[in-house]
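# pasting the structure only:
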Ligand code: SF4
């Protein structure tokens with residue numbers, strides 16, 4: 001290169017100087033993303049997933065061998081996953097004991113199933129609500145061969161007109177649930193009166209309503225993610241289509257890691273958090289969900305820098321509350337107005 005070509009003009013020198021901060025910002029953002037990925041991978045690698053599974057409702061699903069039984073047990077266990085884990089496990093165990101060794105066979109005999117579940121109750125849900133859910137899901141299984149085939153069909157149909165993949169997923173979930181409701185005799189969203197009991201209408205979330213649909217997304221994760229000792233990989237749907245099942249703890253963590261600034265637990269929040277996680281694994285963004293959920297620290301996360309309560313937190317090095325001592329984004333999200341949405 002000639003000396004003339006190497007000589008820099010004042011304009012090019014000033015343009016070069018101006019681009020330096022943005023290059024520095026890009027490098028520091030890349031370093032922050034790499035640090036978060038390494039931290040999340042570390043949390044996942046350290047977790048004893050098998051031991052944690054014993055405390056999770058998904059454990060019930062693994063006790064069954066037949067696919068039809070697994071689908072039904074997963075549908076019930078995920079949709080009853082409200083509140084305290086111990087209480088959920090106790091109630092689901094009692095329910096499954098009443099149903100017998102094959103929920104699919106039991107759901108073929110509607111009257112006997114209703115009789116078996118009479119008197120069972122968990123929060124707003126009664127045995128008759130779960131009996132209707134099982135009967136409806138079983139009828140869909142019989143019509144399409146499996147719930148997985150029914151959902152995959154709903155997804156294909158929704159994708160034809162949906163403006164985005166997330167909207168396609170939402171409409172497919174809603175249509176899938178409507179089909180089960182109709183087949184089992186549960187009310188469709190909007191059909192019940194304000195004075196009606198909430199159990200029958202709340203048993204399956206209404207994905208169209210804009211809430212996080214956490215229990216439905218949890219059920220999908222169990223069925224779709226590759227078999228890894230926790231999730232079962234039963235359905236013909238790519239894991240990249242999944243969204244994070246966001247509860248209050250995952251929401252808090254996601255804000256502390258800068259995945260979202262949204263103050264609510266909504267569908268949009270689930271989309272944002274999933275998009276952030278897709279930077280670390282585009283084909284399987286929800287792979288971190290189970291280990292993050294079982295990170296004990298999250299149960300008492302103060303969402304502020306607290307030397308005592310944050311001690312030992314697996315994500316402390318990348319938490320924005322500790323920025324300056326870890327890798328965090330420039331500004332913290334606005335104060336949370338958290339709302340749990342089923
Ligand atoms: S470091 Fe503290 S504030 Fe940050 S996620 Fe962990 S417990 Fe919460």
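Noted; the coordinates are in hand. Keep in mind that what you see is a predicted model, and the values were worked out from it rather than measured.

# Need phi/psi at residue 230.
Residue 230 adopts backbone torsions of phi -120, psi -70, taken as degrees, to the nearest 10.

# So what's the residue count around it?
By other Cβ atoms under 10 Å, the residues close to residue 230 number 23. Using the backbone N, CA and C atoms, a C-beta is placed for each residue, glycine as well.

# nearest spatial neighbour of it, skipping sequence neighbours?
What sits nearest to residue 230 in space, not counting adjacent residues and going by Cβ to Cβ, 6 or more residues apart in numbering, is residue 290, at 5.1 Å.

# show me the contacts for the residue of the stretch 101-250 of the chain found nearest the ligand.
Nearest residue of the stretch 101-250 of the chain to the ligand (Cβ to the nearest ligand atom) works out as residue 249 at 9.7 Å. Applying Cβ atoms under 8 Å, 6 or more residues apart in numbering, we find residue 249 in contact with 293, 298, 299, 301.

# Work out for me the element it sits within.
helix 248-256 (DSSP states H and E).

# Repeat that for residue 178.
helix 165-184.

# next helix or strand past that helix?
Criterion used, DSSP H and E; the element after helix 165-184 is helix 199-202.

# That next one packs against which elements?
Helix 199-202 sits against strand 125-126, helix 127-144, with contacts defined as 3 or more Cβ pairs under 8 Å, 6 or more residues apart in numbering; DSSP states H and E.

# which residues touch it?
Helix 199-202 is contacted by residues 124, 125, 126, 129, 132, 186, 187, 189, 191, 192, 342 when judged by Cβ under 8 Å, 6+ apart.

# Which pair of those spans the longest distance?
126 and 189 (18.9 Å; Cβ to Cβ).

# Quick one: residues contacting the most centrally placed residue in the chain.
The chain has residue 245 as the residue nearest its centroid, 1.6 Å off, counting by Cα atoms, centre = their mean. Contacts for residue 245 were tallied using Cβ under 8 Å, 6+ apart; they are 212, 214, 215, 217, 218, 221, 270, 286, 289.

# cutoff 10 Å now
78, 81, 212-222, 270, 286, 289, 293 (Cβ atoms under 10 Å, 6 or more residues apart in numbering).

# Let's verify the closest residue to residue 227 other than its chain neighbours: helix, strand, or coil?
Closest residue to residue 227 apart from its sequence neighbours, by Cβ to Cβ, 6+ apart: residue 233 at 4.0 Å. What DSSP: H, G, I helix; E, B strand; the rest coil gives for residue 233 is coil.

# phi, psi of residue 233?
phi 60, psi 40.

# Also residue 303?
According to degrees, to the nearest 10, residue 303 has phi 50, psi 30.

# Give me the nearest residue to it, chain neighbours excluded.
Take residue 303 and drop its neighbours on the chain: the residue closest to it by Cβ to Cβ, 6+ apart is residue 252, 5.6 Å away.

# One more: residue 43?
Counting by Cβ to Cβ, 6+ apart, the residue nearest residue 43 is residue 314, at 4.4 Å.

# Then that neighbour would be within a strand, right?
No - the assignment for residue 314, made by three-state DSSP, is coil rather than a strand.

# Now do the contacts for it.
Here residue 314 is in contact with 39-40, 42-44, 46-47, 253, 291-292, 295-298 (Cβ under 10 Å, 6+ apart).

# Which ones among the residues you listed map onto helices?
39, 40, 42, 43, 44, 46, 253, 291, 292 (DSSP state H).

# Let me know the pLDDT of the residue lying closest to the fifth one once chain neighbours are set aside.
Read that as residue 44. Counting by Cβ to Cβ, 6+ apart, residue 291 is the residue found nearest to residue 44 once chain neighbours are left out, at 4.3 Å. Among the per-residue scores, residue 291 shows a pLDDT of 78.

# now residue 83
Value listed for residue 83 in the pLDDT field: 77.

# Could you do residue 20 as well?
66.

# With residue 49 instead?
80.

# And for residue 175?
At residue 175, pLDDT is 98.

# neighbours around it, how many?
As a burial measure, residue 175 scores 18 neighbours (other Cβ under 10 Å).

# mind listing what the nearest residue to it once chain neighbours are set aside touches?
In this structure, residue 175 finds its nearest non-sequential neighbour in residue 154, 4.7 Å apart by Cβ to Cβ, 6+ apart. Counting by Cβ under 10 Å, 6+ apart, residue 154 touches 144, 168, 169, 171, 172, 173, 174, 175, 176, 177, 178, 179.

# ok, now which ones touch the nearest residue to residue 196 once chain neighbours are set aside?
Nearest non-adjacent residue to residue 196, counting by Cβ to Cβ, 6+ apart: residue 187, 7.5 Å away. Listed by Cβ under 10 Å, 6+ apart, the contact partners of residue 187 are 132, 181, 193, 196, 200, 201, 203.
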